[in-house]
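In: I would like to see how this sequence folds:
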Amino acid sequence: MGESSQVPALRQGIRVLRHLARHGGPMPAASIAGELDLPRSTVYHLLNELEREGLVVHLPEERRYGLGIGVFELGTAYTRQAPLARLARPLLHKLVDDVGHGAHLAVLHGREVLYLLEERALGSPSLVTGVGVRLPAHLTASGRAILAGLSPAQVRALFPDPSAFPDRHGVGPRRLSALRPLLAEARRRGYATEDGAVTPGFASVSVAASDHTGYPAAGIAVTFDRDTVPENDWPGLAVRISSVAAELSRRLGGTTTHSGGYGGR
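Out: Predicted coordinates:
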């Protein structure tokens, strides 16, 4: 299909919305035009159209424009549809069939990971990583996989002092100086692990999937009885998880960095 003549206007409108979202507050139209290097007439036209659709609101007393209720409605619709879980569910189902162990999908929420999906293998035991459960990110393979994709400054902000490192079973890092080598190793080899830090006798291997900005949007992990999978088999398991993470990244509009590391974010 040929490119519509309206597409450039749509792109500019999206630029305006994203700029308002990043700014954190209403802005004068002149500032928007200057910072986006757009003609003022174009910006006023875009703002009028966006206002008509409820995506922008004009504050006449302040002579500024802010995000409208329509943006909130779109955001809540996104949450209701749970697109990340919907995109990942069939991939996790195939992964479980492939490896014969349970798998789950988790996202970072502060210093914790929140589990959005769990696919159990036939006959596998029930684990603590059920849907809706939160666990300390520094103890889980999924959390470490995601944290490995963040910048050092972001990780430091999340874990400013030893009080940020709750313990479950006496296994796992207790301070930032102990967490950093684990994340560096995850970046080097392209996957993260945990061994008994969440549930004694069980281990996990995880790879992060990235969104269109390159941010590690979620961790995909496989959990197994430590006695049934020797540690020298974990890299092969990580390869299978990596292929699923790569496909989820593609579906999210992102690119993969799972062959040899996380790319230095």
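In: Specify the local secondary structure of Val96.
Out: helix (DSSP: H, G, I helix; E, B strand; the rest coil).
In: residue contacts, it?
Out: By Cβ atoms under 8 Å, 6 or more residues apart in numbering, Val96 lies in contact with 102-103, 119-121. For the C-beta atoms, the positions are set from N, CA and C on the backbone; glycine is no exception.
In: Return the subset of these lying in strands.
Out: 102-103, 119 (DSSP state E).
In: Go through these and name the one nearest Gly70.
Out: Glu119 (35.6 Å; Cβ to Cβ).
In: Next, count neighbours for Gly236.
Out: 11 (other Cβ atoms under 10 Å).
In: Quick check: it is in a helix.
Out: Yes: according to three-state DSSP, Gly236 belongs to a helix.
In: What pLDDT does the model give it?
Out: In the prediction, the pLDDT value recorded for Gly236 is 96.
In: show me what contacts it?
Out: Here Gly236 is in contact with no residue (Cβ under 8 Å, 6+ apart).
In: how far away is it from His138?
Out: 26 Å (Cβ to Cβ, to the nearest Å).
In: Then Gly130?
Out: 20 Å.
In: Leu116 too?
Out: From Leu116 to His138 the distance is 19 Å (Cβ to Cβ).
In: what are the ranges of the strands in the stretch 151-265 of the chain?
Out: 192-195, 202-210, 216-225 (DSSP state E, counting those that start in this stretch).
In: With Gly54 as the reference, name the closest of these.
Out: Going by Cβ to Cβ, the one of the strands of the stretch 151-265 of the chain nearest Gly54 is strand 216-225, 27.7 Å.
In: Report all helices and strands that the closest one contacts.
Out: Under the contact criterion of 3 or more Cβ pairs under 8 Å, 6 or more residues apart in numbering; DSSP states H and E, strand 216-225 touches helix 83-99, strand 102-109, helix 141-147, strand 202-210, helix 234-251.
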